[in-house]
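Trainee: Sequence first, predicted model second:
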Amino acid sequence: MRLEFRNVSKTFGLKAAVDDVSFALDGAGFVGVIGRSGAGKSTLLRMINRLGDATRGQILVDGTDILSLGGKAKRAWQANCAMIFQQFNLVPRMDVASNVLHGLLGQRATLATIFNLWRAEDIRRALAILDRLGIAEQAAKRAEALSGGQQQRVAIARALMQDPRIILADEPIASLDPMNAQLVMDALKRIQVEDGRMVIANLHTLDTARRYCDRVIGMRDGRVVFDGRPDLLTTSVARDIYGADANFTEDMTSTAIEERDEDIRYAAVLVGG
Ligand SMILES: Nc1ncnc2c1ncn2[C@@H]1O[C@H](COP(=O)(O)OP(=O)(O)OP(=O)(O)O)[C@@H](O)[C@H]1O
């Protein structure tokens, strides 16, 4: 799959949240979008699945401008790019399995979904996805009873239910402690590598971008100011992206955890890796 931004801008009033952005992504990979708050990361991501429209430009997916899609074609595209959010956006009082099955809303008859009548094969698939993410035993619990890291993995499971080509993640670990952040990032990475799906994640820390991404896009004031491999993200490049002064240190964007042995073993058990 080729995803190409061509001179894409999005303005709110006079403010250009995304300003003449062009880049192309070829094939599956893990792409991180970094930049300080207000740089335009969310706006960029939301245009890809048409949660927000662009003011100018084209977003080409295998040659088709997805910004020009309407009606059924637009919905089909949206089903192909699932989104996960910082605040998980689950239905808190609903059980985990039903939350996951909600990934199929729009693909199944409305009446059946209102009454929570799902096909046996859908239920089996939801449970298999939960199992893959290491949270099968939570399937019958209410979503609100789970930890943040578990809830985010439920949100990932719901996204996978759509069988999307792209997973868009808007600050997926910003509300999580470092341990749970690692579990969630490991789960996203596995999905990207094993399934060959493209993952595009807005990340608020440099160390996460370095550790998980194949490609990093750095934004500042709506513009792309860095686009390349994570190993090219030197401190001075980072300083430029974050618009920081000479006092900038990487710790300012860091959530690095101490990698104690038991943490690593625990993570491996939970994600089944
Ligand atoms: N619906 C909106 N109406 C008006 N201005 C908006 C709207 N959405 C975003 N903006 C503005 O556009 C700019 C980019 O916002 P955006 O949320 O994309 O940045 P971000 O990099 O994702 O930041 P954060 O990490 O804080 O979410 C900001 O100046 C923001 O105030």
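Mentor: Received, thanks. Numbers count the residues shown, from 1 in each chain.

Trainee: residues from the chain in reach of the ligand?
Mentor: Listed as neighbours of the ligand in the chain under the rule C-beta under 6 Å from any ligand atom: F12, K15, A17, G35, S37, G38, A39, G40, K41, S42, T43. From N, CA and C alone the C-beta is placed, and that goes for glycine too.

Trainee: who's the first one bridged to?
Mentor: Using DSSP bridges, the bridge partners assigned to F12 are K15.

Trainee: now, which of the residues of the chain next to the ligand lie within helices?
Mentor: Assigned to helices by DSSP state H, the following of these qualify: K41, S42, T43.

Trainee: With pLDDT and neighbour count as new columns, can the residues of the chain next to the ligand be given to me in JSON lines?
Mentor: JSON lines is the format used below for those (pLDDT from 0 to 100; neighbours: other C-beta atoms under 10 Å):
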{"residue": "F12", "pLDDT": "96", "neighbour count": "11"}
{"residue": "K15", "pLDDT": "94", "neighbour count": "12"}
{"residue": "A17", "pLDDT": "97", "neighbour count": "22"}
{"residue": "G35", "pLDDT": "94", "neighbour count": "25"}
{"residue": "S37", "pLDDT": "90", "neighbour count": "8"}
{"residue": "G38", "pLDDT": "92", "neighbour count": "14"}
{"residue": "A39", "pLDDT": "95", "neighbour count": "25"}
{"residue": "G40", "pLDDT": "97", "neighbour count": "24"}
{"residue": "K41", "pLDDT": "97", "neighbour count": "26"}
{"residue": "S42", "pLDDT": "97", "neighbour count": "20"}
{"residue": "T43", "pLDDT": "97", "neighbour count": "23"}
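
Trainee: for the stretch 1-150 of the chain, what spans make up the helices?
Mentor: Applying DSSP state H, counting those that start in this stretch to the stretch 1-150 of the chain gives helices spanning 41-48, 71-80, 96-101, 110-114, 120-132, 148-161.

Trainee: Which strands or helices does the first one pack on?
Mentor: Going back to what we said before, that points to helix 41-48. strand 2-12, strand 15-26, strand 30-34, strand 166-170, strand 198-202 (3 or more C-beta pairs under 8 Å, 6 or more residues apart in numbering; DSSP states H and E).

Trainee: can I get the ones you listed in CSV with distance to R210?
Mentor: Output for those, formatted as CSV (distance: least, C-beta to C-beta, whole Å):
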stretch, distance to R210
strand 2-12, 22
strand 15-26, 18
strand 30-34, 9
strand 166-170, 17
strand 198-202, 13
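
Trainee: do you know which of those strands lies nearest M94?
Mentor: Smallest distance to M94 across those (C-beta to C-beta): 21.8 Å, for strand 166-170.

Trainee: Which helix or strand lies directly C-terminal to the closest one?
Mentor: Once strand 166-170 ends, the next helix or strand along the chain (criterion: DSSP states H and E) is helix 178-195.

Trainee: Buried residues, that following helix. List them.
Mentor: For helix 178-195, the neighbour count (16 or more other C-beta atoms under 10 Å) marks 178, 180-189, 191-192 as buried.

Trainee: right, and V18 touches F12 too?
Mentor: No - with contact defined as C-beta atoms under 8 Å, V18 does not count as touching F12 (10.0 Å).
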